[in-house]
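Enquirer: Make a model of this:
(2 chains)
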There are 2 protein chains.
Amino acid sequence: MEQMPFQLTILGSSSATPTSERYPTAQVLNVLGRFFLIDCGEGTQHQIRKNNISLLKINHIFISHLHGDHFFGLIGIIATMGLMGRKIDLHIYAHSELQKYTKSQLKYLKMEDLGYQLIFHPLNFKKPQTIFEDKKLKITSFPLNHRIDCCGFRFDEQPRDPNIIKEQIDHYNIAIKSIKDIKAGEDFVTETGEIIPNSKLVRKPLKPRSYAFCSDTCYFEKIVEQIKNVDLLYHEATFAEAEKDLAKKTFHSTAIQAAKIASLSKAKKLLIGHFSARYKDTKILQYEARTIFRNSFAVKENKTYSVKQLLKIKK
Amino acid sequence: MEQMPFQLTILGSSSATPTSERYPTAQVLNVLGRFFLIDCGEGTQHQIRKNNISLLKINHIFISHLHGDHFFGLIGIIATMGLMGRKIDLHIYAHSELQKYTKSQLKYLKMEDLGYQLIFHPLNFKKPQTIFEDKKLKITSFPLNHRIDCCGFRFDEQPRDPNIIKEQIDHYNIAIKSIKDIKAGEDFVTETGEIIPNSKLVRKPLKPRSYAFCSDTCYFEKIVEQIKNVDLLYHEATFAEAEKDLAKKTFHSTAIQAAKIASLSKAKKLLIGHFSARYKDTKILQYEARTIFRNSFAVKENKTYSVKQLLKIKK
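Expert: Below is the predicted model:
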């Protein structure tokens, strides 16, 4: 089966103090060839190029909160897109303050006419909200618990119609007008009165895939409801368990706390990131997470994590 | 002879459209252990760490002009310095608009109290100006010719006193009060009336070293007077000669134009940079520059170019 992409590329994995090895937070989620940028620390445009992602294919940018390590790369991307001759709208989902901040920056830079439109979508930091929806994808924001207003994001493929088996359509000479009914689950009756059960005419649809992004936040069980059963969960793990008190004080999480959230939400796979500069090697964080949730991975920058397409129910 | 550093580290060499291989303009000049940051494109703090330069050792930042590829990295550095607990003043030499811009950014970020002071020094875009001077170093700004107000910077070591030869002081039993006169060039008369010529008592001082930075600018002969006889000259060379018309139109220079300026100003060595993204390999630019000025080099990022200490007159 040819896989349609649902894959996350990690562009940055450090917390606020950058290291020579790691960039601040930024990720690109590729859903069926559409590219969604999640957070945008300084250097993101450099990392995007390094990963051979076309900047102009990004039409939606999600900013979790207004700490510099999550959005200082935004103005550079906005400016470069203008230089590259972008014409189509760029949608930015963020705190309403970011619109004012960006407008003020562009005014000082005398760059008010970018050649394309910035469309800002203010986030709701009190309750979950659908911020994007079309036939193929639904994106929800939900409040995290950090020092300042902060949102996580959940990306869900929409449920698909069952796939008609073309050979059977030809075989039973089924008219186009009947196909809608078959897709809706009905059996088919031939001209001779023979009943063909629906299960013979369709393949089960592919299972919708999902991804949730949670950074930055302290341990916060309220999010479990929002991220239930995701295939891929990214949860910040700034600290190891030895720094649990510091994590609490700074409204960040430990690797074990991230793993607890993954376990409670029944995620299939956990990625941890937003590593404190003190961890040159992040294996310790991965080890700790795995004591609670086996399928945990400390992210590597410039690595792509794919969620495979699976049939809804295996036969 | 132990060399005291006068060396330039290239952090970025691309023009406005970044590439996956090159960062936007930024350089650090190390003069006798003091670090001066010249321009500050996005990603500069990452590059500074990569080159093992301590961010907190940088007390002076020079911004040539307010195009994003020359200063989008500034806010990140300002924020990180605060996170690192900086206490001492940070001096920023730039267009007066940058102060307003930065203050407005810090206000939106609720970061007005950084824990240290930003001291802004507005540049003069009409005429050359001494912007920094102490016993060891003098820094001058001078207007370049670009689409917007833009300055170059010249760094000159101050002339040094001759070095007293300690052994001779002991040998002739010279009193401390006489040393000032000897440094000023006088001979010494011993208690017995013997005249010791000055040349026997001092070594010639080391030659003051100099560096000039010229980016961004079109071909502009007026700067020759300001950058005369520098040991090391950086001049932008965004384009090869085939793109001469584009260079003129965008107020940038070709490699050959940079070399002409180096030649006219009698620079010892020319570094070219600010390369257009169209040149994957910058050798073409180096070749072209060398047709006019032999000692030309297309800069490499993360490379350090040193100016050696030489005696003023070799004996």
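Enquirer: where exactly do the helices run in the stretch 101-250 of chain A?
Expert: Per DSSP state H, counting those that start in this stretch, the stretch 101-250 of chain A carries helices over the ranges A:166-171, A:176-183, A:198-201, A:244-249.
Enquirer: would you turn the ones you listed into TSV with distance to A:N229?
Expert: To be clear about C-beta, it is placed using only N, CA and C from the backbone, and glycine gets the same treatment. Converted to TSV, these look like this (distance: least, CB to CB, whole Å):
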stretch	distance to A:N229
helix A:166-171	32
helix A:176-183	25
helix A:198-201	25
helix A:244-249	26
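Enquirer: Would you mind giving the ones you listed as TSV with mean pLDDT, distance to B:L233 and mean neighbour count added?
Expert: Shown next, in TSV, are the helices of the stretch 101-250 of chain A (pLDDT from 0 to 100; distance: least, CB to CB, whole Å; neighbours: other CB atoms under 10 Å in any protein chain shown):
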stretch	mean pLDDT	distance to B:L233	mean neighbour count
helix A:166-171	88	70	12
helix A:176-183	87	72	13
helix A:198-201	91	77	16
helix A:244-249	97	49	15
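Enquirer: Pretty sure A:T238 sits against A:R278.
Expert: No - at 9.6 Å, A:T238 and A:R278 do not qualify as touching, with contact defined as CB atoms under 8 Å.
Enquirer: and the two? which has more neighbours close in?
Expert: A:T238 (31 against 13; other CB atoms under 10 Å in any protein chain shown).
Enquirer: Model confidence for the more buried one, exactly?
Expert: You'll see A:T238 listed with a pLDDT of 98.
Enquirer: residues in contact with it?
Expert: A:15, A:216, A:247, A:250, A:252-254, A:274-276 (CB atoms under 8 Å, 6 or more residues apart in numbering or on different chains).
Enquirer: Show the buried residues in those residues.
Expert: Neighbour counting with 16 or more other CB atoms under 10 Å in any protein chain shown marks A:15, A:216, A:247, A:250, A:252-254, A:274-276 as buried within these.
Enquirer: Would you confirm that A:I165 contacts A:K204?
Expert: No - counting by CB under 8 Å, A:I165 sits too far from A:K204 to count as a contact (11.1 Å).
Enquirer: burial count for the residue lying closest to A:F188 once chain neighbours are set aside?
Expert: Once flanking residues are discounted, A:F188 sits nearest to A:I196: 4.5 Å by CB to CB, 6 or more residues apart in numbering or on different chains. A:I196 has 16 neighbouring residues, counting by other CB under 10 Å.
Enquirer: beta partners for A:A26?
Expert: A:G12, A:C40 (DSSP bridges).
Enquirer: Report how many residues lie close to it.
Expert: The burial count for A:A26: 29, using other CB under 10 Å.
Enquirer: contacting residues around it?
Expert: Contact analysis of A:A26 by CB under 8 Å, 6+ apart lists A:11-12, A:37-41, A:44, A:47, A:73.
Enquirer: Can you list the buried residues in stretch A:280-289?
Expert: By 16+ other CB under 10 Å, the buried positions in stretch A:280-289 come out as A:282, A:285-286, A:288-289.
Enquirer: ok, the closest residue to A:K200 other than its chain neighbours to A:E186 distance?
Expert: Once flanking residues are discounted, A:K200 sits nearest to A:Q168: 6.4 Å by CB to CB, 6+ apart. Remark: distance between A:Q168 and A:E186 (CB to CB, to the nearest Å) = 14 Å.
Enquirer: Which pLDDT value goes with A:K314?
Expert: Value for A:K314, per-residue pLDDT: 43.
Enquirer: I figured A:F62 hits A:I38, correct?
Expert: Yes - using CB under 8 Å, A:F62 makes contact with A:I38 at a distance of 4.8 Å.
Enquirer: quick one: common contacting residues for those two?
Expert: Counting by CB under 8 Å, 6+ apart, the residues touching both A:F62 and A:I38 are A:153, A:213.
Enquirer: okay, now the residue nearest to A:Y219 when sequence neighbours are not counted: neighbour count?
Expert: Excluding the flanking residues, the one nearest A:Y219 by CB to CB, 6+ apart is A:Q257, at 4.0 Å. For A:Q257, the count of nearby residues is 27 (other CB under 10 Å).
Enquirer: Is the residue nearest to A:K200 in contact with A:R203, as I believe?
Expert: No - assessed by CB under 8 Å, A:Q168 is found out of contact with A:R203, at 10.1 Å.
Enquirer: So for stretch A:299-315, what gets flagged as buried?
Expert: Buried-residue list, stretch A:299-315, by 16+ other CB under 10 Å: A:299, A:301, A:305, A:307, A:309.
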